[in-house]
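J.: Show me the folded form of this:
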Amino acid sequence: MAADSDESEVFEITDFTTASEWERFVSRVEEVLNDWKLTGNSASRLSPEKGSYTSGTWCEKSQDISFADFKFYITHHFLKDECEQDEGTDTPKEDVLPLAMQDLLCMNNDFPPRAHCLVRWYGLRDFVVISPGTNCEAIISESKCNLLLSSVSISLANCGCQVPMFVQIQQKWRRMYAGECQGPGVRTDFEIVQLRKVPSQYNHLSGLLDIFKSKIGCTLFPLPPVNIAIRFTYILQDWQQYSWPQQPPDFDTLLGGEVGGVEFGKLPFGACEEPISELHLATTWPHLTEGIVVDNDVYSDLDPLQAPHWSVRVKTTENPQCLLGDFLTEFFKLCCKKEFTEEVLGRGLTEEEGKENSDISSALSKLTEPTATVPITKLSVSNMVHTARKHIRRHRRIDESPLNTDVLNSVLLYLFPDAAVEKSSENMKSKTAQPNSSETEQDKNSDYNLFLQLKSAPSDSLTYRLALCVCLVNYNYGGLRAVAHLWQEFVLELRYRWENNYLIYGLAGGPPDLRCCLLHQKLQMLNCCIERKRARDEVRKTLEGSKDRERRVSGGSQNSRQAPESAASANTSQGKSWDSWSDSEDEFFECLSDQGEIEAPQTEGGKDVSKSKAEGRLHPYNNMTLLNSTEPLYVPVTQEPAPMTEDLLEEQSEVLAKLGTSAEGTHLRARMQSACLLSDMESFKAANPGCVLEDFVRWYSPRDYVEEEVVDEKGNTVVKGELSPRMKIPGNMWVEAWETARVTPARRQRRLFDDTKEAEKVLHYLAMQKPADVACHLLPCMIHAAILKLKEEESVEDIPSVKKSIQQTISQASKLLHPPNRDYKKLEDFINQLMVMEVAITRARSLKAKFSVSEDEKGEDTDELEKFVSSLLEEPEVAVIGAGQGPAGSIIHRLFINSQRAALLAPMDEDLGPDRKLAGRSSKVADFPPPAGREILLRTCVPRPAPYSKALPQRLFCVLMRDEFRLAGAFSTDTSFF
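T.: Residues are numbered from 1 along each chain as shown. Modelled structure (predicted):
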């Protein structure tokens, strides 16, 4: 029994030395202060320079701490530049005030425009704040506030920390803080009072001075002077006297009724509302004493025009509506649509077009069917648009069209300006090549070459203009249905041009440019097909004409027949090879060569048999001769390789990759890739009768023919050559191709590029595109156009920050637009960045208009105003040189006067005559409205609490607004002599 009782007594012993939750909280605060190295004296640091609170870098550290189950954040705010400047120089000195107490009296940073509220109220550059956690309730009860303050006081004393520490109390929106700062024998208490209304007795400087004096309770006489700093803030919100930010719509024009004066080929720009919502004028009296200025309930000396310092900040409209941003946003939304053209326009509107595009094989049958040649003189280019749309209008009334007929005609004539005047096909060809005539000059222009970085299209191309038109039609003329209608008409126009041999306007000649977007490559491919088809028709006409002349003239007039043929051939191809076919039943071939036709008459009169058999010669090759004869080696006329777009190249590479790595697959892949090689070998054999493979290699791949000097039997040094080792590998594809190659000139070979088939594939591809697909193809061009527009507008306003941002966005866009699978979320963010730059430019334009900065008037005042406006956009607050008497101050003064008179319906300065302006000054309308906010800062240094105590800094910051009255006081006491 005794043993049991002893065990129970031991079990019930309570350890009263265990730390309480409050002690753990104090200990945790001390740990954080030690970790952040905030212990010791830091008073040896220099006073902050003027403006350093604004230009310097503010940093903060934060940690979580808990009081029982209640979470707090403890955050250290400090001015980084100052801390790094004097790091490691803290040599403790006795009887030196803590850094925070010295900052209370510092006058270099009284009203920082951008800083923590405690920095503005107390002028501190280093402090710690303890605030409730995110989801925790506010500290409202007085007992909890006192408990936290006592915890702070103990932690500061135990650590020897001289950095002030604050506790956030009451609701967060009230911004109420209580804090303490401890030093050797001194302590500063930070207190705040916040009310909704300003008491009438404290609505002026004299009443606030009474509060300050009663609080410090100094019994000295005379009382040390109180240093006063005052700032009044006036708000200007009325901009009615300034013009609308956009030109009013012109309802008489075709494209009238739209804000911004939009026209085809140009993107709109600018805000539809005032981008600057408010202008805040702060008038400051930085150094006053109690007896200098009078401000009571009867009279005040604080006239804003007499204030020695003026500073201005602007408040911008949040997300103002801007035209370029709206256009881009709506265009981007179009990219995310999923409707097909049939769903948008209705099946009846596209069924007839579907019949034409449904069977490509019927179109390919035209290769073997004799076709009636349409005389060029009967083709009217001006009727292209109407003919292309004729079959649609059979089943649709004009008033049912998604796109207005006049607008559609204007768009198509803008896209195809060559359709405005009737021209022959030769004139059309020269007109088509016109946009590229100044290519060398444009290549020097970085803006023109911007499409290479963005993978879009040249700014003078059809694709670029199409993007602008689709964007405009989408925004102003019907959205998705109008875009589908425009695209349908566009494809019909392309088919009309293909069928009637009209080149597409605004496309560079040559094969598709793989540096451009896929849609631009498709249009270039179609143009290549039209060029080949035109060349065939021209050659056929030339051959038919020569046959007719042969019937009419005698056989002795061969020379007179040769000249027109040569001239016609030279005009069509200008020294390049081209393809065609012959309608003769005796011989059918696909490719013709103008050089081959020219060469034939020259060789007919030759005496050598080998020369008479040669066909398709271009010119001798570097004075070389054939290895097995003394005949010169001629460069043959060859077929041009088939042009390909990037999707065809990718498709071809996938097919080749699927063949695998087996011997059979490798062989098949080599045969598929050797079609062009085989064609060139046949052309070479035709141009060089009696040649061998070594002769072909010497011309086609000189590195594969190795020559070396050897000594023959007679002792002479001769050059002997042979094929490279790779050419001697058994089963080499070159050897096999050479053995199978026939002696066939290029003009009689099978075409490597079937332009009819490729053209129908392009037209079918375009016809099957959904409106969203079209928008995705054109998105790089739209971003390209938007960047060019931003650069154009920025060059007028000259904003360095925007210019830098544009350069950054170009590099960013090049990364976003090149991958095959675009990240549309990043693209949306990118468009938002473009909108931000547009807003910045419109704000600069608005401020320049308000401050009358124009290019016509140049002078010192204009330069000063330009600098002032640019500073307003870059800095949070800008000092006005000369205050109210300077050029900027005079304009600001006039703005307030006009705003006041507009509010009271009084006449403006501009409406008053010169003889009435002086009389107008004596009117009762005040120049400035009542100040929206008044800030009064009182400072002094007096002994407290006893007359024999040490003189310590005292500070009271007063904020008087319409719906707020705040007093933030810092009162220091001597804890050694009290």
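J.: What are the buried residues along the longest strand seen in the chain?
T.: Counting by DSSP state E, the longest strand found in the chain is strand 276-289. For strand 276-289, the buried set under the neighbour-count rule, 16 or more other C-beta atoms under 10 Å, comprises 276, 279, 280, 281, 282, 283, 284, 285, 286, 288. No exception for glycine: its C-beta is placed from N, CA and C like everyone else's.
J.: In this structure the fifth one contacts residue 304, no?
T.: No: proximity of residue 282 to residue 304 does not meet the contact threshold set by C-beta atoms under 8 Å, at 9.6 Å.
J.: before we move on, back to that, which one of the buried residues of strand 276-289 is nearest residue 126?
T.: residue 286 (23.5 Å; C-beta to C-beta).
J.: Give me every residue in contact with the helix or strand where residue 146 lies, excluding its own residues.
T.: Assigned by DSSP states H and E, residue 146 belongs to helix 142-159. Outside of helix 142-159, the residues within contact range by C-beta atoms under 8 Å, 6 or more residues apart in numbering are 22, 25-26, 29-30, 33-34, 38-39, 130, 139, 161, 165, 167, 169, 178-182.
J.: rewinding a little: spell out which residues are contacts of both of residue 282 and residue 304.
T.: With C-beta under 8 Å, 6+ apart as the test, residue 282 and residue 304 both reach 232, 234.
J.: circling back: buried members of the contacts of helix 142-159 into ChimeraX, please.
T.: Buried residues within these, by 16+ other C-beta under 10 Å, are selected in ChimeraX with:
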select :25,26,29,30,33,38,39,130,139,161,165,167,169,178,179,180,181,182
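J.: and the contacts of helix 142-159, which of them are in helices?
T.: Using DSSP state H, the subset of the contacts of helix 142-159 located in helices is 22, 25, 26, 29, 30, 33, 34.
J.: Out of the residues you listed, which one has the weakest pLDDT?
T.: Least confident of those in the model: residue 22, at 88.
J.: Touching, it and residue 29? I think so.
T.: No: counting by C-beta under 8 Å, residue 22 stays clear of residue 29, with 11.0 Å between them.
J.: most residues in a single helix of this structure, which one?
T.: helix 518-552.
J.: For it, buried residues please.
T.: 518-540, 542-543.
J.: Just say helix, strand or coil for residue 635.
T.: What DSSP: H, G, I helix; E, B strand; the rest coil gives for residue 635 is strand.
J.: Just confirm it contacts residue 683, I think it does.
T.: No: using C-beta under 8 Å, residue 635 is not in contact with residue 683; the gap is 9.5 Å.
J.: Run a quick neighbour tally on residue 726.
T.: 11 (other C-beta atoms under 10 Å).
J.: contacting residues for it?
T.: With C-beta under 8 Å, 6+ apart, residue 726 has these contacts: 704, 732.
J.: Please settle this for me: is it part of a strand?
T.: No: using three-state DSSP, the secondary structure at residue 726 is helix, not a strand.
J.: Quick check on residue 191: phi, psi?
T.: Per-residue torsions, residue 191: phi -130, psi 150 (degrees, to the nearest 10).
J.: For it, which residues count as its bridge partners?
T.: residue 969 (DSSP bridges).
J.: quick one: contacts for it?
T.: 178, 968, 969, 970, 971.
J.: Roughly how far does it sit from residue 180?
T.: Distance, residue 191 to residue 180, using C-beta to C-beta, to the nearest Å: 10 Å.
J.: residues touching the residue lying closest to residue 642 once chain neighbours are set aside, list them.
T.: Nearest residue to residue 642, sequence neighbours excluded (C-beta to C-beta, 6 or more residues apart in numbering): residue 753, at 3.8 Å. The contact partners of residue 753, by C-beta under 8 Å, 6+ apart, come to 528, 532, 579, 639, 640, 641, 642, 643.
J.: Name the nearest of the residues you listed relative to residue 740.
T.: For the contacts of residue 753, the nearest to residue 740 is residue 639 (17.2 Å; C-beta to C-beta).
J.: Next, count neighbours for the closest one.
T.: 24.
J.: unless I'm mixing things up, it is touching residue 681, no?
T.: No: Residue 639 is not in contact with residue 681 according to C-beta under 8 Å; the separation is 11.8 Å.
J.: Going along the chain, name the helices of the stretch 251-400 of the chain.
T.: 323-335, 341-345, 347-358, 360-364, 384-388, 390-393 (DSSP state H, counting those that start in this stretch).
J.: A helix includes residue 75, no?
T.: No: with three-state DSSP as the criterion, residue 75 is assigned strand and is not in a helix.
J.: which residues pair with it across the strands?
T.: Where residue 75 sits in a bridge, its partners, by DSSP bridges, are residue 62, residue 129.
J.: list the contacts for it?
T.: 60, 61, 62, 128, 129, 130, 131.
J.: how about 10 Å then?
T.: 60, 61, 62, 63, 116, 127, 128, 129, 130, 131, 166, 168 (C-beta atoms under 10 Å, 6 or more residues apart in numbering).
J.: Now, of these, which are buried?
T.: Buried, going by 16+ other C-beta under 10 Å: 116, 127, 128, 129, 130, 131, 166, 168, out of the contacts of residue 75.
J.: Now name the helix or strand holding the closest residue to residue 265 other than its chain neighbours.
T.: Excluding the flanking residues, the one nearest residue 265 by C-beta to C-beta, 6+ apart is residue 468, at 5.8 Å. Per DSSP H and E, residue 468 falls inside helix 462-476.
J.: from the chain's centre, how far out does stretch 768-775 sit?
T.: 24 Å (C-alpha atoms, centre = their mean, to the nearest Å).
J.: just the CA coordinates of that stretch, formatted as CSV?
T.: Extracted C-alpha coordinates of stretch 768-775, given in CSV (Å, rounded to 0.1, in the frame of the first residue of the first chain):
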residue,chain,number,x,y,z
MET,A,768,-10.9,23.7,-96.1
GLN,A,769,-9.6,26.2,-93.5
LYS,A,770,-11.9,27.2,-90.7
PRO,A,771,-12.1,30.9,-89.8
ALA,A,772,-10.2,30.1,-86.6
ASP,A,773,-7.5,28.4,-88.7
VAL,A,774,-7.2,31.5,-90.9
ALA,A,775,-6.8,33.7,-87.9
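J.: what residues does it touch?
T.: Under C-beta under 10 Å, 6+ apart, the answer for stretch 768-775 is 331-345, 354, 357, 466-467, 470-471, 474, 479-488, 490-491, 519, 522, 766, 776-777, 782.
J.: Domain ranges for this structure, per the record?
T.: The record's domain split for the chain, according to the TED database, is 21-82+96-195, 626-696+727-754.
J.: looking only at pLDDT, what's the mean for the helix or strand that contains residue 706?
T.: Following DSSP H and E, one finds residue 706 within strand 705-711. For strand 705-711, the mean per-residue pLDDT is 80.
J.: Next secondary structure element downstream of it?
T.: Next element after strand 705-711 (DSSP H and E): strand 717-723.
J.: List phi and psi for residue 967.
T.: Dihedral angles for residue 967 - degrees, to the nearest 10 - are phi -120, psi 120.
J.: and the closest residue to residue 830 other than its chain neighbours, how far is that from residue 264?
T.: Residue nearest to residue 830 in three dimensions, not counting chain neighbours: residue 816, with 6.0 Å by C-beta to C-beta, 6+ apart. Going from residue 816 to residue 264 by C-beta to C-beta gives 27 Å.
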